[in-house]
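In: need the 3D shape of this:
(one chain, ligands or ions: 1)
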Amino acid sequence: MSVGTLTGLCPECETDLTTPPLVQGETIACPECMLTLRVEDVAEGRLSLQMVEVQLRDWGQ
Ligand SMILES: [Zn+2]
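Out: Sure thing, here's the model as predicted:
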């Protein structure tokens, strides 16, 4: 019954992801497309992931 990992699907590149236990609101980075994904929901070991719009800053100048 113990669930050590969660699984999810990257909404961008559709890579199957296996993650350590996460809770709603946490973010992970997809290892394939490097997008930041936020956990919208966790149900029965499956993650619902949503892309996070990363705000880029202008560095330098
Ligand atoms: Zn991805």
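In: give me phi/psi at Leu35?
Out: Note on Leu35: backbone dihedrals following degrees, to the nearest 10 are phi -70, psi 150.
In: residues near it, how many?
Out: 17 (other C-beta atoms under 10 Å). (C-beta placed from N, C-alpha, C; glycine too.)
In: also Val39?
Out: 19.
In: now swap in the one 3 residues further on and tell me
Out: One way to gauge burial is a neighbour count; for Val42, by other C-beta under 10 Å, it gives 16.
In: what of Val23?
Out: With other C-beta under 10 Å as criterion, Val23 counts 8.
In: swap in the one 5 residues further on?
Out: Summarising burial for Ile28: neighbours were counted as other C-beta under 10 Å, giving 20.
In: surely it meets Leu17?
Out: Yes - Ile28 is in contact with Leu17 according to C-beta atoms under 8 Å; the separation is 7.3 Å.
In: which residues of the chain score low on pLDDT?
Out: Counting by pLDDT under 70, the chain shows low-confidence ranges at 1-3, 54.
In: and the strands in it?
Out: Remark: strands assigned in the chain by DSSP state E are 6-9, 16-19, 27-29, 36-43, 46-51.
In: for the ones you listed, which one sits closest to Asp58?
Out: The closest of the strands of the chain to Asp58 is strand 36-43. By C-beta to C-beta, the value is 18.9 Å.
In: what's the burial count for Leu22?
Out: 17.
In: over to the one 3 residues further on?
Out: One way to gauge burial is a neighbour count; for Gly25, by other C-beta under 10 Å, it gives 8.
In: list phi and psi for it.
Out: In terms of degrees, to the nearest 10, the main-chain angles of Gly25 are phi 100, psi -20.
In: Gly4 against Pro21, yeah?
Out: Yes - if you go by C-beta under 8 Å, Gly4 and Pro21 touch, sitting 7.4 Å apart.
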